[in-house]
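> 3D, please:
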Amino acid sequence: MKKSKFQRPTGMDDILPEDQIYYQKIYEVVSNIADFYGFLKIDTPIVEEEELFSRGVGLGTDIVKKEMYSFKTKSGDRLALRPEWTSSVMRAYIENGMHNLPQPVKLWYFGPCYRYERPQYARRRQFWQFGFEVIGEKNPIIDAQIIQIFYNILLELKLKNLTVEINSIGDNNCRPYYKKLLKKYFTKKASSLCVNCKRRLKENILRIFDCKEERCQGIKTDAPQILDYLCEDCRKHLKSVLEFLDEVEIPYNLDSCLVRGLDYYTRTVFEIFSVNKKETDTDKDKKENNKKDNKNNNNEKEDFKKDDKEENLKSLALVGGGRYDKLSKMLGGKDTPACGGAAGVERIIDLMKIEKVKVLQEKKIEVFLAQLGDLAKKKSLKILEDFRKAKIRVGEVFGRDSLRSQLNRADRLGVKYALILGQKEALEGVIIVRNMEDGTQETVKIDKVVSEVKKRLRVNRG
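Residues are numbered from 1 along each chain as shown. So this is what the prediction gives:
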């Protein structure tokens, strides 16, 4: 019977060596900025109780209704692969008694999430996020600092045309009245709404603003605006956040339709894009509908055409977040103010590639160690370790016995020097240092080879 050919799961990518440099670069930038701002790293399990997300993210959200990878264990527990980090981080904060630590607690993370959505360009079923959460502080300066941190990370990654979309969705004082106004407005328009928005009208009316259907765009635009109905405290909070952003010269647009798709947000919500001006929802829908018209409904291609990539990325947020002062209580903890956000690593990498952002490769190999015979191979392990301690990268192919094939590899690597260790040299405690550019070579003591190579490399670097 012919063995089947295994393939990666739909919507989940292999991170190949040529892409690892991007992940490493982003991790390096994020960890350095996190360290500067005093954030401590946290990792949570990839698998959590399903109810953690249904209670925190919201039963009426697409994440919980359609996109979670959930399953039942043999003992009957309902578990889910982590679709987002904030609920997991807050669970860890509560469970580990972090409220007893000096407040606020500032945490950051970097790792994979999982959502069962239709794979397409820049939307994957396994995707990586990094994020920052500040738990235990209600001052609006925290909202602005979270935005500033993400903005600075994207700048450091050489991304251009960054802009912040920001809004306030109020709190329990002003939002209930606003939702009543929306209910009245959208009920009158119900016959013109799409199927999903008719459901949202009953379950979570704010999420109508998340709708991407073209037929709903004009209805959304004419709806009552939350900014006109904020209570005094929420109005002051938003005003302070915007003043802080003005102070650090971060460009932003007030977007009264921005609500984010998760139930735990209060007051500030924001997204960051890498375009001069975010496309309107209508523009995005027209492009999306045109793509759909050219596809079979059952087709699950994971990538759009290359020509569509840049345009598609323009409509996707690189970063999203906001304030979530009620999440702790929703998850069984105490009332605890908090604010944070998360960024999509793959989306950032895609944009870095489109904008041709150069990422430095690992330190170049400048020396190659060729060895012939068993004794030479044994001594080579010690020589390699000496070079590692000296922070000089050395190439080798221990499985080859042919000197010609080893030197050919050294040529392909473009090294400046090859070290040749044969049986005779190993017995005498010496090694040959060969200049790969002019072919000259010199025999030196093995215990002096590191210092001799260092000296030659310094001369070449000038």
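> can you give me the helices for the stretch 101-250 of the chain?
If DSSP state H, counting those that start in this stretch is used as the criterion, the helices of the stretch 101-250 of the chain fall at 140-156, 175-188, 195-203, 214-221, 232-247.
> out of these, deepest packed?
Of all the helices of the stretch 101-250 of the chain, helix 140-156 carries the top mean neighbour count, a mean of 21, counting by mean count of other Cβ atoms under 10 Å. For glycine as for every other residue, the C-beta is placed from the backbone atoms N, C-alpha and C.
> angle of it against helix 232-247?
Here helix 140-156 points in a direction 30 degrees away from that of helix 232-247 (axes from the mean of the first three to the mean of the last three Cα atoms, to 10 degrees).
> coming back round to it: can you list the helices of the stretch 101-250 of the chain in a markdown table and add mean pLDDT and distance to residue 253?
Compiled in a markdown table, these are given as follows (pLDDT from 0 to 100; distance: least, Cβ to Cβ, whole Å):
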| stretch | mean pLDDT | distance to residue 253 |
| --- | --- | --- |
| helix 140-156 | 96 | 13 |
| helix 175-188 | 89 | 21 |
| helix 195-203 | 84 | 24 |
| helix 214-221 | 84 | 15 |
| helix 232-247 | 95 | 11 |
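> and the ones you listed: which comes nearest residue 111?
Nearest to residue 111, of all the helices of the stretch 101-250 of the chain, is helix 140-156, at 16.2 Å by Cβ to Cβ.
> can you list contacts of the closest one?
29-30, 33, 37, 104, 132, 134, 162, 164, 166, 237-238, 240-241, 244-245, 248, 250, 267-268, 270, 272, 274, 318-319, 321-323, 339-341, 343, 348 (Cβ atoms under 8 Å, 6 or more residues apart in numbering).
> give me the buried entries from those.
Neighbour counting with 16 or more other Cβ atoms under 10 Å marks 29-30, 33, 37, 104, 132, 134, 162, 164, 166, 237-238, 240-241, 244-245, 250, 267-268, 270, 272, 274, 318-319, 321-323, 339-341, 343, 348 as buried within the contacts of helix 140-156.
> what pLDDT, on average, does stretch 343-359 get?
Mean per-residue pLDDT for stretch 343-359: 91.
> and for stretch 72-84?
In the prediction, stretch 72-84 has an average pLDDT of 90.
> please apply the same query to stretch 255-263.
For stretch 255-263, the per-residue pLDDT averages 79.
> export it as PDB, just CAs?
The C-alpha trace of stretch 255-263 is given here as PDB (Å, rounded to 0.1, in the frame of the first residue of the first chain):
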ATOM      1  CA  ASP A 255     -13.100  56.600  14.300                       C
ATOM      2  CA  SER A 256     -16.600  56.500  15.900                       C
ATOM      3  CA  CYS A 257     -17.300  53.100  14.300                       C
ATOM      4  CA  LEU A 258     -14.300  51.400  15.900                       C
ATOM      5  CA  VAL A 259     -15.600  49.100  18.600                       C
ATOM      6  CA  ARG A 260     -13.200  46.000  18.400                       C
ATOM      7  CA  GLY A 261     -14.800  42.600  18.300                       C
ATOM      8  CA  LEU A 262     -14.400  41.500  21.900                       C
ATOM      9  CA  ASP A 263     -16.800  42.000  24.800                       C
END
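> break this structure down into its domains, please.
17-174+230-354, 367-455 (automatic domain parsing).
> measure the shortest one end to end?
Its first and final residues considered, domain 367-455 spans 13 Å by Cα to Cα, to the nearest Å.
> repeat for the first one
Start and end residues of domain 17-174+230-354 are separated by 19 Å (Cα to Cα).
> all helices for the stretch 251-400 of the chain, in order.
Under DSSP H, counting those that start in this stretch, the stretch 251-400 of the chain gives helices at 281-293, 306-314, 327-330, 345-354, 374-389.
> ok, and what's touching the third one?
Residues from elsewhere that reach helix 327-330 (Cβ under 8 Å, 6+ apart): 55-56, 86-87, 90, 93-94, 135, 264, 334-336, 338.
> can we see that at 6 Å?
In this structure, residues lying in contact with helix 327-330 by Cβ atoms under 6 Å, 6 or more residues apart in numbering are 55-56, 90, 264, 335-336.
> over to the last one?
Contacts to helix 374-389, defined as Cβ under 6 Å, 6+ apart, come from residues 369, 371, 394, 421-423, 426, 450.
> okay, and which of these map to strands?
Among those, DSSP state E puts 369, 371, 394, 421 in strands.
> what sits against the third one?
Residues near residue 394 by Cβ under 6 Å, 6+ apart: 367, 369, 384, 387.
> and the pLDDT for the second one?
According to the per-residue confidence, residue 369 scores 92 in pLDDT.
> wait, doesn't it sit right on residue 396?
Yes: using Cβ atoms under 6 Å, residue 369 is in contact with residue 396, at 4.6 Å.
> what about these two, which has more around it?
More crowded of residue 369 and residue 396, by other Cβ atoms under 10 Å: residue 369, with 24 against 21.
> ok, now which ones touch that one?
380, 394, 396, 419.
> find the residue closest to residue 437 in space, skipping its chain neighbours.
residue 416 (6.9 Å; Cβ to Cβ, 6 or more residues apart in numbering).
> gap between the one you found and residue 107?
Distance of residue 416 to residue 107, given as Cβ to Cβ, to the nearest Å: 45 Å.
> which of those two has more residues huddled nearby?
Comparing residue 416 with residue 107 by other Cβ under 10 Å, the one with more neighbours is residue 107, at 23 against 19.
> bridging residues for the more buried one?
For residue 107, the beta-bridge partners are residue 40, residue 133 (DSSP bridges).
> I'd say it and residue 41 touch.
No: using Cβ under 6 Å, residue 107 makes no contact with residue 41, being 7.4 Å away.
> report the contact partners of residue 418.
Taking Cβ under 6 Å, 6+ apart, one finds 368, 370, 410, 434, 436 in contact with residue 418.
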